[in-house]
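Asks: sequence unknown, structure follows:
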């Protein structure tokens, strides 16, 4: 029976008759809604925390840490919080802004001259606001192979100059994990710290987030951690993105994240002590770049803040950041005008369970939207799962006209370093970087192959090999995206001499 029961961890304040979370809506309290939704989406375990500017209002674990076992999720269960880390990273850098170490709007070159981008104008003018609002010109959803290649922080900073832009500086929003890392590391260098040290010393430690940490190793300090689960419920490997630090590496718990949320809702103060200035909290929440339609009501002016986004739900402005890593989903949502917020962590791949719980919360504490948001989010689940689909070759694909040996051999890119194409019988594989990170090549059409990796968060891409007349071996290849699916371009590689 324990597997069917949620583990109640704390209800910091007794339920009141006027409490919207205790109110019966469609026959369910909020607690009952969460349990039903957990079951509906087949999520093994989750934690939900609601806070105000005064502290924790509701905190409860649901389900199990690992499917098939009896250990329950509770408020101290460690989760990888994925891209929610970006929001915390922005607040950590905000503490450096308050100290006068860096500025949101001064050119980064004034305090980190080694931060160089591919475009000289961008190098001279890029700011921390540009990096944290995803408006630098770096390509969207690319470079996620880099943290798997075991480069040092300095090497990752150096290689940024080799990443071509695919749109003009500040011309539009384009989500970039690499960009968040570059902003965080530039600020860290100015402070004489490493990226993890910035997260710990300016935010996690001052807030007493004792079961949180800036690197994956925090997960393994004891057994109370959430296991990553795939779509089918099977266990999958944890993803390590420590090299991109605040872009996705933070580990936290329900109890700990409540402290950080309370600080933000209290305009930078926690337990009577200032952690951030009110002005810095305002700057982090401020709209710095329009993203396009977003939020549960598809606000046409959903905007990027610093490490977060904002949209309107009816008449209220909402601040939010979600996240996804292998087998993990997270979301944090704040309504500053109402001094209330919610965070949801779940241990299942690409589930929309967090969005479903968040939408129910907003309708209960603000007002009904007039839409069937649960049906809408349920339909969106297919799109989330589709992000993991491997593209199929086009129906008019041209046959392979060369022996596979023509494609084999060593290649090199200034951005990614070495890549070796290896023939395995009638197939091709790749080994990337000094530590031979593995991938596969599948024939696409003519001299093009689709490159894929076991880690689903490293997106596929097309590689089109080039040949010179009289030379039976490929002289290099160019990367490109597959239109209308989640893929990336791996740029240009030359055959190594």
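Replies: Good, I have the coordinates. Please read these numbers as outputs of a predicted model, since none were measured by experiment.
Asks: Quick check, pLDDT for residue 305.
Replies: Reported pLDDT at residue 305 in the predicted model: 98.
Asks: wait, I meant residue 15
Replies: Per the predicted model, pLDDT is 41 at residue 15.
Asks: which intervals of the stretch 1-150 of the chain have sub-threshold pLDDT?
Replies: Confidence mapping of the stretch 1-150 of the chain against pLDDT under 70 gives the ranges 1-18.
Asks: those strands in it, which residues are they?
Replies: Counting by DSSP state E, counting those that start in this stretch, the segments of the stretch 1-150 of the chain that form strands are 7-10, 45-52, 55-63, 79-80.
Asks: which of these is buried the deepest?
Replies: Taking mean count of other C-beta atoms under 10 Å as the contact definition, the stretch among the strands of the stretch 1-150 of the chain with the greatest mean neighbour count is strand 79-80, which reaches a mean of 30. For glycine as for every other residue, the C-beta is placed from the backbone atoms N, C-alpha and C.
Asks: on that earlier part again, can you redo the strands of the stretch 1-150 of the chain as CSV with distance to residue 214?
Replies: Formatted as CSV, the entries for the strands of the stretch 1-150 of the chain read as follows, by distance: least, C-beta to C-beta, whole Å:
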stretch, distance to residue 214
strand 7-10, 24
strand 45-52, 20
strand 55-63, 23
strand 79-80, 12
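Asks: looking at those, which is closest to residue 235?
Replies: Set against residue 235 and scored by C-beta to C-beta, these come closest in strand 45-52, at 12.3 Å.
Asks: Just checking: what are the partner strands of the closest one?
Replies: Strand pairing for strand 45-52, using DSSP bridges, gives strand 55-63 (antiparallel), strand 340-346 (antiparallel).
Asks: And the ones you listed: which comes nearest residue 437?
Replies: Within the strands paired with strand 45-52, the stretch nearest residue 437 is strand 340-346; the backing value is 28.1 Å (C-beta to C-beta).
Asks: List the contacts of the residue positioned nearest the centre of the chain.
Replies: In the chain, the residue lying closest to the centroid (C-alpha atoms, centre = their mean) is residue 83, at 2.6 Å. Shown here is residue 83, whose contacts under the criterion C-beta atoms under 8 Å, 6 or more residues apart in numbering are 177, 247, 248, 321, 322, 323, 324, 330.
Asks: out of the residues you listed, which one sits closest to residue 387?
Replies: Using C-beta to C-beta, residue 324 is the member of the contacts of residue 83 that lies nearest residue 387, at 8.9 Å.
Asks: Correct me if wrong: that closest one contacts residue 82.
Replies: Yes - proximity of residue 324 to residue 82 meets the contact threshold set by C-beta atoms under 8 Å, at 5.3 Å.
Asks: Overlap in contacts, these two.
Replies: When C-beta under 8 Å, 6+ apart defines a contact, the residues bordering residue 324 and residue 82 alike are residue 330.
Asks: Of all the strands of the stretch 1-150 of the chain, which one comes closest to residue 397?
Replies: Nearest to residue 397 among these is strand 79-80 (38.2 Å), distances taken as C-beta to C-beta.
Asks: Report all helices and strands that the closest one contacts.
Replies: Under the contact definition 3 or more C-beta pairs under 8 Å, 6 or more residues apart in numbering; DSSP states H and E, strand 79-80 sits against strand 251-252, strand 328-335.
Asks: For that strand, which strands pair with it and how are they oriented?
Replies: In the sheet containing strand 79-80, its partner strands are strand 251-252 (antiparallel), by DSSP bridges.
Asks: In terms of helix, strand or coil, where does the closest residue to residue 209 other than its chain neighbours fall?
Replies: Using C-beta to C-beta, 6 or more residues apart in numbering and skipping residues adjacent in sequence, the residue nearest residue 209 is residue 256, 3.9 Å away. Secondary structure state of residue 256, per DSSP: H, G, I helix; E, B strand; the rest coil, is helix.
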